[in-house]
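Participant: have a look at this prediction, sequence included:
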Amino acid sequence: MTTFLYDLSTTGAISFSDIINDSSNSFTRRLSEATQIRSRLRGALKESKRTDGEKDYLTIIKIIDDYLPQLQSIVNCVAHHELELKSEPVFSWRTTLSANFLNNSPRISLPSLHAEHACSLLTYAFALSNLARTIVISLGPFEHDRAISQAEREAKEEKLKHATGHLSRASGIFTYLSETVLPELQHSASASKSKLPPDLSPEVNTALARMSLADAQTLAIRKLLSKSFYDSNIVPGPPLPKSHPAPGLIAKLHLECASLYSSARTLAKTPSASSKSAEDVSPELRHYLGDEALLQSALAKKWFGIDAGENGGESRGGDAVGLLIWAKKELQELKDGGKGAGLSRGDKEKRDRNLRKEKVTKELEIIDVWLKHYKKINDTIHFKSIPSQADLQSRLSSGVSAVFATSYSLPGPMFGPGSGARVQKEQDTLDREGSMGGSASSTYAGAGEYY
């Protein structure tokens, strides 16, 4: 499976010199540079929108890396009254997480520099997530390639690690948005006059943070299992190869993913005071979260069942069979339609759903092998009863996290208050004043004479 694919937003043109008054003429060049970088971002987003094939997400990420310090500088200068807004600035962005009958992304006008900051960060996180997806797709199912060399496999595992890192960074940005930027935006006087799209809802961004973290952990699990999958390519099923990680650990990792996807789906459906209704969130996102939660839940039960069968001894023979039957039931439900059965799906969602169905079909085949093996042992040797789902559920362990969000912090401003040049200038001034004060104090009457 691949990770969720975002439609990147596009934005309208704007010139900072048109909306900002620089009465001291100290920032004319800086405002021009910020406008140029934003224009580059606008062009890159439009180009990405028009491109049907592989998109250049890395270029977009680099441009936003350049733009955010410029934008932060302008925000700081306005806050310290070194620059003055001629009027409330309005920035135009297309929303991409809004449900729309015509499947179009509506363009909305957002007032304030806070809104521009939020949309830029949101696009940044989207691009990081999509870059991770592009990397994963380029790798293919390498762990199932019997002809791959160890060096090639390890190189691809390293790329998988990079993709995991991009998703962890995206999770950190979504968290920063939900906890810091969006509350400020909601409480700004200009923003409170109109409803914000779900893209700018703290609840939805918290959901996206959890989804990104879950996506990252699924890639971490894949990397962890890569060597053992390669070793068991010829005959999947019992016994596990010596290179296989503890099945109980794999189960707990999947269970944590299921929990993250499930809570993200609940948050994505939660009405927010800042948006019109929960129905504003695109069904595509909710379907993805629901289907992934079910898939990860089933995989957790599969590995809990294998752990019971391989390491639980005679007393857990029935548990192994019961857990695998439960896993098979959930996978069959997902194969038959999952959380979005019977609902309209876009081309992108149908493509991802077909990929998921391929994975589910393969997992069902593997589970059948293990189930047949443990059922035969239980029917002929252990003779243990099969516990109910409620009994099994009460005895499942908690999930475990192997991946954590990369904390995001604002970049330093390029100019104005807080910038390196300004801080150095202020320090030099203090040093000169201190030096002058020291000279004066050493020449007072009776200096050096103590009684």
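Facilitator: Cool, the structure landed. Bear in mind the structure is a predicted one, so any value in this text is a computation, not a measurement. Residues are numbered from 1 along each chain as shown.

Participant: mind jotting down where the strands sit in the protein?
Facilitator: Applying DSSP state E to the chain gives strands spanning 20-21, 84-85, 90-94, 107-111.

Participant: pick the most deeply packed of those.
Facilitator: Mean neighbours per residue, mean count of other CB atoms under 10 Å, is largest over the strands of the chain for strand 90-94, with a mean of 20. (C-beta placed from N, C-alpha, C; glycine too.)

Participant: restricting to C-alpha, output that one in CSV.
Facilitator: Extracted in CSV, the C-alpha atoms of strand 90-94 (Å, rounded to 0.1, in the frame of the first residue of the first chain):
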residue,chain,number,x,y,z
VAL,A,90,-6.6,39.1,1.6
PHE,A,91,-4.9,35.9,0.2
SER,A,92,-6.6,33.6,-2.2
TRP,A,93,-6.1,29.8,-1.8
ARG,A,94,-7.9,26.7,-3.1
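
Participant: what's the angle from that strand to strand 107-111?
Facilitator: 150 degrees (axes from the mean of the first three to the mean of the last three CA atoms, to 10 degrees).

Participant: which residues does the nearest residue to residue 388 once chain neighbours are set aside contact?
Facilitator: Distances taken as CB to CB, 6 or more residues apart in numbering place residue 322 nearest to residue 388, at 7.8 Å, with adjacent residues excluded. Residue 322 is in contact with 305, 386-389, 392, counting by CB atoms under 8 Å, 6 or more residues apart in numbering.

Participant: can you check residue 130 too?
Facilitator: Residues near residue 130 by CB under 8 Å, 6+ apart: 5-6, 8, 55, 57.

Participant: pLDDT below threshold where in the stretch 251-400 of the chain?
Facilitator: Low-confidence regions of the stretch 251-400 of the chain, defined by pLDDT under 70, span residues 271-279, 338-349.

Participant: tell me which stretches of it form helices.
Facilitator: For the stretch 251-400 of the chain, the helices defined by DSSP state H, counting those that start in this stretch cover 283-311, 317-335, 347-377, 389-394.

Participant: can you tell which of those helices is closest to residue 420?
Facilitator: For these, the distance to residue 420 is smallest for helix 283-311, at 39.9 Å, taking CB to CB.

Participant: what are the buried residues along that closest one?
Facilitator: 283-310 (16 or more other CB atoms under 10 Å).

Participant: same deal with stretch 63-78?
Facilitator: Residues of stretch 63-78 classed as buried: 63-64, 66-78 (neighbour count, 16+ other CB under 10 Å).

Participant: repeat that for stretch 155-163.
Facilitator: Residues of stretch 155-163 classed as buried by neighbour count (16+ other CB under 10 Å): 156-157, 160, 163.

Participant: what sits up against it?
Facilitator: Residues outside stretch 155-163 that contact it (CB under 8 Å, 6+ apart): 131-133, 135-136, 138-139, 142, 148, 219, 222-223, 226.

Participant: adding distance to residue 432, write the residues you listed out as CSV.
Facilitator: As requested, the contacts of stretch 155-163 are exported to CSV (distance: CB to CB, whole Å):
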residue, distance to residue 432
131, 48
132, 50
133, 54
135, 52
136, 56
138, 56
139, 58
142, 62
148, 65
219, 54
222, 59
223, 56
226, 60
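
Participant: please narrow those residues to those residing in helices.
Facilitator: Within these, residues falling in helices by DSSP state H are 131-133, 135-136, 138-139, 219, 222-223, 226.

Participant: out of these, which is most surrounded?
Facilitator: Neighbour counts for these (other CB atoms under 10 Å) peak at residue 132, which has 28 neighbours.

Participant: wait, residue 308 sits on residue 324?
Facilitator: No: if you go by CB atoms under 8 Å, residue 308 and residue 324 don't touch, sitting 9.0 Å apart.

Participant: once you drop chain neighbours, what's closest to residue 9?
Facilitator: residue 94 (4.8 Å).

Participant: next one: the residue nearest to residue 388 from residue 382, what distance?
Facilitator: Using CB to CB, to the nearest Å, residue 322 is found at 12 Å from residue 382.

Participant: also residue 303?
Facilitator: Distance, residue 303 to residue 382, by CB to CB: 20 Å.

Participant: do the same with residue 55
Facilitator: 54 Å.

Participant: and the pLDDT at the residue nearest to residue 40 when sequence neighbours are not counted?
Facilitator: The shortest distance from residue 40 to any residue other than its chain neighbours is 5.3 Å, reached at residue 63 (CB to CB, 6+ apart). If you check residue 63, the pLDDT there is 98.

Participant: and residue 63, how far from residue 38?
Facilitator: In this view, residue 63 and residue 38 are 9 Å apart by CB to CB.

Participant: with only the CA atoms kept, save stretch 34-53 in CSV.
Facilitator: What follows is stretch 34-53, C-alpha atoms only, in CSV (Å, rounded to 0.1, in the frame of the first residue of the first chain):
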residue,chain,number,x,y,z
ALA,A,34,9.3,38.0,-0.6
THR,A,35,6.9,38.8,-3.5
GLN,A,36,9.3,37.1,-6.0
ILE,A,37,9.6,33.9,-3.8
ARG,A,38,5.8,33.8,-3.4
SER,A,39,5.4,34.2,-7.1
ARG,A,40,7.7,31.2,-7.6
LEU,A,41,5.6,29.2,-5.2
ARG,A,42,2.5,30.1,-7.0
GLY,A,43,4.0,29.1,-10.4
ALA,A,44,5.3,25.8,-9.0
LEU,A,45,1.8,24.9,-7.5
LYS,A,46,0.1,25.8,-10.8
GLU,A,47,2.6,23.6,-12.7
SER,A,48,2.0,20.7,-10.3
LYS,A,49,-1.7,21.1,-10.8
ARG,A,50,-1.3,20.9,-14.6
THR,A,51,1.1,17.9,-14.5
ASP,A,52,-0.5,14.5,-15.0
GLY,A,53,2.5,12.4,-14.5
